[in-house]
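In: With the sequence up front, the predicted model follows.
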Amino acid sequence: MQTDEAVLPAKKTPPTYWLTRFVLLRLLGFVYAVAFLVLINQVLPLIGSHGLLPVGAFLENVRNYFKAPAAGVYHFPSLFWLGHSDGALLAAAWLGFVLSSVVLAGFANVPMLTALWLLYMSFVHVGQDWYGYGWETQLLETGFLGIFLCPLLDARPFPRCEPPRLVIGLFRWLIFRIMLGAGLIKIRGDTCWRDFTALYYHFETQPLPNALSRWFHFLPRFFLRAGVIFNYAAELIAPWFVFWPRLARHLAGVVIIAFQFTLILSGNLSFLNWVTIIPALACFDDSFWRKILPRALVRRAERAGAEAQPCRPMCMAGWAITILVVTLSVQPVLNLFSSEQIMNTSFDPFDLVNTYGAFGSVGRERSNVVFEGTDAAVPDDEADWKAYPYKGLPVDLSQRPPQVAPYQWHFDWQMWFAAMDSPQDYPWTLHLVWKLLHNDPVALGLFAGNPFPQHPPRYVRAVLYRYRFATPGNVAGHWWERDKLGLWLPPLSTDDPQLRQFLAHYGWLELSGSSK
């Protein structure tokens, strides 16, 4: 005879998130490490004392604009108000990289993650043109939530405090807004998304293609249209299931992450896709990770769960941050469902809850500005012009596009934007020309090479070209074809009075150290 217990349905165990926290924080440490490594290598040429947009001049302009120093600090919170020497910039970047590496290695607590968030926010808010990308504020919002995912001091991979479920829910709220915002901006922003032709152009015209981009570009049109449908599935459908029961949210997480990996394969979008994967990991609980992670790691998580102790401070912090995020989400949500939706915008000075989106419009043609120099006395088209090669953007037709991401070359990205506008919109390009006319080693470090290693050129100009992928297997073995569209900047020399006047207006003539 069966006992009563034998016929009772088995109790469903509530989901746990020990392994989810472990994986999520490791990936957060990885993205932070990449971001700080980029700063170590590029912060001085970009915003150093002799950079293209010196941080000292920026902070002085902010101070003058707001009149009151406290107002400037509030609108652009940054530790560099306390000091912004080249040594301070590099020291902060190295400190961030070291702390990131510790988190990547498996150790994280509140002070470490708070320090990472403060350091990176400090760079973003003084980074000017170079740090105006959506993934920078996305990393800040993600990193801020990460602070509340771990204990105050216990930095072990599996501490005694259980991961707070409210914070896991906030990560799901973040991925919901990221994906849905990206999907809505597309269908509102460009007809090529609505007629399923966006991928006819995207792989060729994206900022920095990689070696696989051309293969994607020449896929049959059927597959490219199917890719747009997959895009909609990941951005417009999957987000609605991230709060559902286990099976639905697991499937939603798989679709979102699979979509991010297709983007990783098809281009160089900095660490955008990697930082987007981080909150998507919150869709999975430990029942998912047990099937794919090493057994030894699973046992450690199970042991931590068995020994877990209540952590009242973490619980209270979870409620506090939830109330804060809900309050700050009002404007982003209104923007999300507005017909005038804007993307990649912050509504608070600390970038705690933001709006996101990418490729709301897709270019049909690829323009590229190429800087060229010559020693000729007459700088006409008959002169021997030598091009300055970028590290990522195409110049040489036979050069295969490199794999860069998750690393980012900020200068190349900004020149991709500049090619769609005029020099008046990017005045620092004239500062760059001045530096090239003096063979400035810091500025030259932004390029892949210097065509004038012995002495600076007499003239520098910038030419606008239209680039397109060459058909694979072409006789010349080229990756690119191009047509010259005209001059983006006319030939300029150190004797040009208008150039000198322009640089003096911005205070760059003295900063360059080459005013004589």
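Out: Noted; the coordinates are in hand.

In: need the contact list for residue 46.
Out: Applying Cβ atoms under 8 Å, 6 or more residues apart in numbering, we find residue 46 in contact with 52-53, 127, 130, 410-411. From N, CA and C alone the C-beta is placed, and that goes for glycine too.

In: Could you do residue 34 as well?
Out: Applying Cβ under 8 Å, 6+ apart, the residues near residue 34 are 271, 274, 406-407.

In: Just the residues you listed: which are in helices?
Out: Among those, DSSP state H puts residue 274 in helices.

In: Mind picking the one among the contacts of residue 34 that's closest to residue 258?
Out: Nearest to residue 258, judged by Cβ to Cβ, of those is residue 274 at 14.2 Å.

In: picking up where we left off before, mind picking the two most distant members of the contacts of residue 46?
Out: 127 and 411 (12.5 Å).

In: higher neighbour count, those two?
Out: residue 411 (24 against 21; other Cβ atoms under 10 Å).

In: Now the more buried one: closest residue in space that isn't a chain neighbour?
Out: Distances taken as Cβ to Cβ, 6 or more residues apart in numbering put residue 446 closest to residue 411, at 4.4 Å, once the chain neighbours are dropped.

In: how close does residue 90 sit to residue 52?
Out: 17 Å (Cβ to Cβ, to the nearest Å).

In: Of those two, which one has the most company?
Out: residue 52 (26 against 15).

In: Where does that one sit: helix, strand or coil?
Out: coil (DSSP: H, G, I helix; E, B strand; the rest coil).

In: and it, what does it touch?
Out: Counting by Cβ under 8 Å, 6+ apart, residue 52 has contacts 45-46, 428, 431-432, 435, 443.

In: Adding pLDDT as columns, could you present these in JSON lines?
Out: Shown next, in JSON lines, are these (pLDDT from 0 to 100):
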{"residue": "45", "pLDDT": "97"}
{"residue": "46", "pLDDT": "97"}
{"residue": "428", "pLDDT": "97"}
{"residue": "431", "pLDDT": "97"}
{"residue": "432", "pLDDT": "98"}
{"residue": "435", "pLDDT": "97"}
{"residue": "443", "pLDDT": "95"}
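
In: Check whether residue 152 really touches residue 312, as I assumed.
Out: No. Residue 152 is beyond contact range of residue 312, at 11.5 Å (criterion: Cβ atoms under 8 Å).

In: So which of those two has more stuff around it?
Out: Legend: neighbour count by other Cβ under 10 Å for residue 152 and residue 312, higher for residue 152 (14 against 8).

In: element containing the more buried one, please.
Out: Per DSSP states H and E, residue 152 falls between elements, in no helix or strand.

In: So for it, what pLDDT did the model give?
Out: For residue 152, the pLDDT comes out at 93.

In: how about it, phi and psi?
Out: For residue 152, the backbone dihedrals (degrees, to the nearest 10) come out as phi -60, psi -50.

In: now do the one 3 residues further on
Out: Backbone torsions for residue 155, taken as degrees, to the nearest 10, come to phi -100, psi 10.

In: contacting residues around it?
Out: Contacts of residue 155 by Cβ under 8 Å, 6+ apart are 107-109, 112.

In: can we see that at 10 Å?
Out: 102-103, 106-113 (Cβ atoms under 10 Å, 6 or more residues apart in numbering).

In: Kindly report the same for residue 40.
Out: By Cβ under 10 Å, 6+ apart, the neighbours of residue 40 are 89-90, 92-94, 96-97.

In: so where does it fall, helix or strand?
Out: Residue 40 belongs to helix 18-47, assigned by DSSP H and E.

In: What ranges in the chain fall below the confidence cut-off?
Out: Low-confidence segments of the chain (pLDDT under 70): 1-12, 510-516.

In: now the strands for it?
Out: Using DSSP state E, the strands found in the chain span residues 345-346, 354-355, 366-374, 386-387, 459-469, 480-492.

In: partners of the last one, with directions?
Out: Right, strand 480-492. strand 459-469 (antiparallel) (DSSP bridges).

In: For the strand it pairs with, what is the distance to the chain centroid?
Out: Here the centre of strand 459-469 is set off from its chain's centre by 26 Å, with Cα atoms, centre = their mean, to the nearest Å.

In: State whether residue 202 and residue 217 are indeed in contact, as I suppose.
Out: Yes. Using Cβ atoms under 10 Å, residue 202 is in contact with residue 217, at 8.4 Å.

In: More neighbours: those two, which one.
Out: Each of residue 202 and residue 217 has its neighbours counted (other Cβ under 10 Å); residue 202 has more, 24 against 21.

In: got a list of what the residue nearest the centre of the chain touches?
Out: Central residue of the chain (Cα atoms, centre = their mean): residue 135, 3.6 Å from the mean position. Counting by Cβ under 10 Å, 6+ apart, residue 135 touches 31, 35, 142, 269-276, 344, 356, 358, 406, 408.

In: same thing but at 8 Å, please
Out: If you count contacts by Cβ under 8 Å, 6+ apart, then residue 135 has 270-272, 275-276 around it.

In: again, but for residue 366
Out: Neighbouring residues of residue 366 by Cβ under 8 Å, 6+ apart: 204-205, 466-468.

In: Apply 6 Å and report the result again.
Out: 204-205, 467 (Cβ atoms under 6 Å, 6 or more residues apart in numbering).

In: before we move on, what about residue 97?
Out: Here residue 97 is in contact with 33, 36-37 (Cβ under 6 Å, 6+ apart).

In: ok, residues contacting stretch 264-277?
Out: With Cβ under 6 Å, 6+ apart, stretch 264-277 has contacts from 31, 34, 135, 138-139, 142, 178, 203, 206, 208-210, 212-213, 216, 257, 260, 263, 404-406, 408.

In: For residue 492, name its beta-bridge partners.
Out: When assigned by DSSP bridges, residue 492 has beta-bridge partners residue 460.

In: quick one on the thing from earlier: format the contacts of residue 366 as TSV; extra columns: neighbour count and distance to residue 420.
Out: Formatted as TSV, the contacts of residue 366 follow (neighbours: other Cβ atoms under 10 Å; distance: Cβ to Cβ, whole Å):
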residue	neighbour count	distance to residue 420
204	21	15
205	21	10
467	23	13
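
In: quick one: which of those residues is nearest to residue 194?
Out: Looking across the contacts of residue 366 and measuring by Cβ to Cβ, the closest to residue 194 is residue 205, at 17.9 Å.

In: Check the spacing between the residue lying closest to the closest one once chain neighbours are set aside and residue 198 real quick.
Out: Closest residue to residue 205 apart from its sequence neighbours, by Cβ to Cβ, 6+ apart: residue 363 at 4.2 Å. Distance, residue 363 to residue 198, by Cβ to Cβ: 11 Å.

In: So between the two, which is more surrounded?
Out: residue 198 (21 against 17).

In: was I right about that one contacting residue 192?
Out: Yes. Applying Cβ atoms under 6 Å as the test, residue 198 and residue 192 come out as touching, 4.3 Å apart.

In: okay, and the common contacts of these two?
Out: residue 362.

In: phi, psi of the closest residue to residue 401 other than its chain neighbours?
Out: Excluding its sequence neighbours, the residue lying closest to residue 401 (Cβ to Cβ, 6+ apart) is residue 209, at 4.5 Å. When read as degrees, to the nearest 10, the backbone of residue 209 gives phi -60, psi 160.

In: residues contacting residue 369?
Out: 415, 418-419, 462, 464, 488.

In: Just the buried ones out of the residues you listed, please.
Out: Neighbour-count burial (16 or more other Cβ atoms under 10 Å) applied to these gives 415, 418-419, 462, 464, 488.

In: biggest separation within those residues, which pair?
Out: Based on Cβ to Cβ, the longest span within the buried ones among the contacts of residue 369 runs between 415 and 464 and measures 11.2 Å.
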